[in-house]
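Student: Just to be clear, the model below is a prediction. Sequence and coordinates:
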Amino acid sequence: MIIKKYPSILLFLLIIVSCERDSEESIDIQGCTVETACNYDSSATIDDGSCVFADQYCNGDCDYTHFESLPSSLTILSGDSCLYNPDISVLDSIIGLNGLEYDSPLEVGTQTWYNGRLRIFVAGNYGNSSGVNDTIYFLPDNIGDWTELVSLYLEWNRILTLPESFSDMTSLINLYINNNVLSSLPDNLGSLENLYFLDLGYNELPLVPESICNLGNLTYLWLFNNNLESVPECMCEMDLDWNNNDLGGYPYFAIGANMLCDNVDSCVAESEHFELSLDQFYYSFPVYSPQVCDSTSTALNKNPILY
């Protein structure tokens, strides 16, 4: 009986192998089959018409796209209208993530480009007619692709957190992200080694990461009107001017209206600007802003400083 079963088993295996071979031979992969296209797919067997070719205006570079028309809110300081695709993708992500409606990613906020790379970006609900009147709630994970961005203005939004990739924007010099609802900062914030101006005022931060002490080029640090109960011990090692203002009357350091009541390092607690902030709406004049503490705190019992 066992011998008689062998031919049936062998026939069954041959049928399975034959079916698998036919199945493999019948599978076609759609994609771009033109080798000179930017999105050439070597595994594709059928061209699906999706091929994208390098724009003739951008020297045949697949990383750039030429734009025929530009919005009035966009400025090109140098170069032509061939713009870097990864920079454009971040703008697309901001629009999609926040449910904004634009015909072109170049229309969001105000943008300044230099030799095809985005260098300055301004977006926030400023309540004016300049076109910069959207509310940003979320920043995309690919924001770190803005590797040539120098200045980022995200004031008056509703941003709660910053993605970890934020620290990849190592060319960033000026970061204004005041008047949001930030409750945390990336631990690797200190990777922004070129940062010169950091404005985190009017948020909800309970702490700042220790890596902030790695910002060796930082000259302006504004932390007023948050929920800070402590600051990193290493902060006193930072090369900041704790007591003076610039020629325009703006402080280099200010940390008023927090909850820094006990065990605050001397460089901070003894700063002339320990109880200083700026007016919320125009940042045009200093405001006496004591730390929010109980009746026994040393901060509350300090002699008021009139600004």
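Tutor: Alright, I've got the coordinates.
Student: Test of understanding: give the bridge partners of the residue lying closest to residue 57 once chain neighbours are set aside.
Tutor: Of all residues not flanking residue 57 in the chain, residue 66 sits nearest, at 3.8 Å (C-beta to C-beta, 6 or more residues apart in numbering). C-betas here are computed from N, CA, C, even on glycine. When bridges are called by DSSP bridges, residue 66 pairs up with residue 82.
Student: could you measure residue 66 against residue 283, distance?
Tutor: For residue 66, the distance to residue 283 equals 39 Å [C-beta to C-beta, to the nearest Å].
Student: which other residues reach stretch 158-169?
Tutor: Stretch 158-169 has contacts (C-beta atoms under 8 Å, 6 or more residues apart in numbering) with 135-147, 149, 152, 177, 180-186, 188-192.
Student: Is it possible to mark the buried ones in the residues you listed?
Tutor: Buried members of these, scored by 16 or more other C-beta atoms under 10 Å, are 136, 138-140, 142-146, 149, 152, 177, 180, 182, 185-186, 189-192.
Student: For residue 256, which residues are in contact?
Tutor: So residue 256 contacts 224, 225, 273, 274, 275, 276, 277, 287, 288, 289, 290, 291 (C-beta under 8 Å, 6+ apart).
Student: Pick out whichever of those sits closest to residue 199.
Tutor: Using C-beta to C-beta, residue 224 is the member of the contacts of residue 256 that lies nearest residue 199, at 9.5 Å.
Student: Look at the closest residue to that closest one other than its chain neighbours and tell me its secondary structure.
Tutor: Excluding the flanking residues, the one nearest residue 224 by C-beta to C-beta, 6+ apart is residue 277, at 3.5 Å. Using DSSP: H, G, I helix; E, B strand; the rest coil, the structure places residue 277 in strand.
Student: State the number of residues packed around residue 277.
Tutor: Applying other C-beta atoms under 10 Å, we find 25 residues neighbouring residue 277.
Student: Dig out what it forms beta bridges with.
Tutor: residue 287.
Student: you'd agree it is up against residue 285?
Tutor: No - Residue 277 is beyond contact range of residue 285, at 10.4 Å (criterion: C-beta atoms under 8 Å).
Student: Next one: the nearest residue to residue 237 once chain neighbours are set aside from residue 231, what distance?
Tutor: Once flanking residues are discounted, residue 237 sits nearest to residue 213: 6.1 Å by C-beta to C-beta, 6+ apart. For residue 213, the distance to residue 231 equals 10 Å [C-beta to C-beta].
Student: What of residue 196?
Tutor: Computed as C-beta to C-beta, the residue 196 to residue 231 distance reads 20 Å.
Student: Looking at these two, which has the bigger crowd around it?
Tutor: Neighbour tally, residue 196 and residue 231, criterion other C-beta under 10 Å: the higher count belongs to residue 231, 22 against 16.
Student: confidence score at the more buried one?
Tutor: Residue 231 carries a pLDDT value of 96.
Student: mind checking the SS state of it?
Tutor: In the three-state summary, residue 231 is assigned as coil, counting by three-state DSSP.
Student: So it is in contact with residue 264, correct?
Tutor: Yes - contact criterion C-beta under 8 Å: residue 231 and residue 264 qualify, at 7.0 Å.
Student: Backbone torsions only: list them for residue 189.
Tutor: Per-residue torsions, residue 189: phi -60, psi -30 (degrees, to the nearest 10).
Student: Might one say that it is in contact with residue 211?
Tutor: Yes - Residue 189 is in contact with residue 211 according to C-beta under 8 Å; the separation is 5.4 Å.
Student: now the helices for this protein?
Tutor: Applying DSSP state H to the chain gives helices spanning 2-26, 85-97, 266-269.
Student: rank those by pLDDT, which is bottom?
Tutor: Sorting the helices of the chain by mean pLDDT places helix 2-26 lowest, at a mean of 57.
Student: Strands of this protein, start to end?
Tutor: 30-31, 46-47, 64-66, 74-78, 82-84, 110-114, 117-122, 151-153, 174-176, 197-199, 220-222, 253-254, 276-278, 286-288 (DSSP state E).
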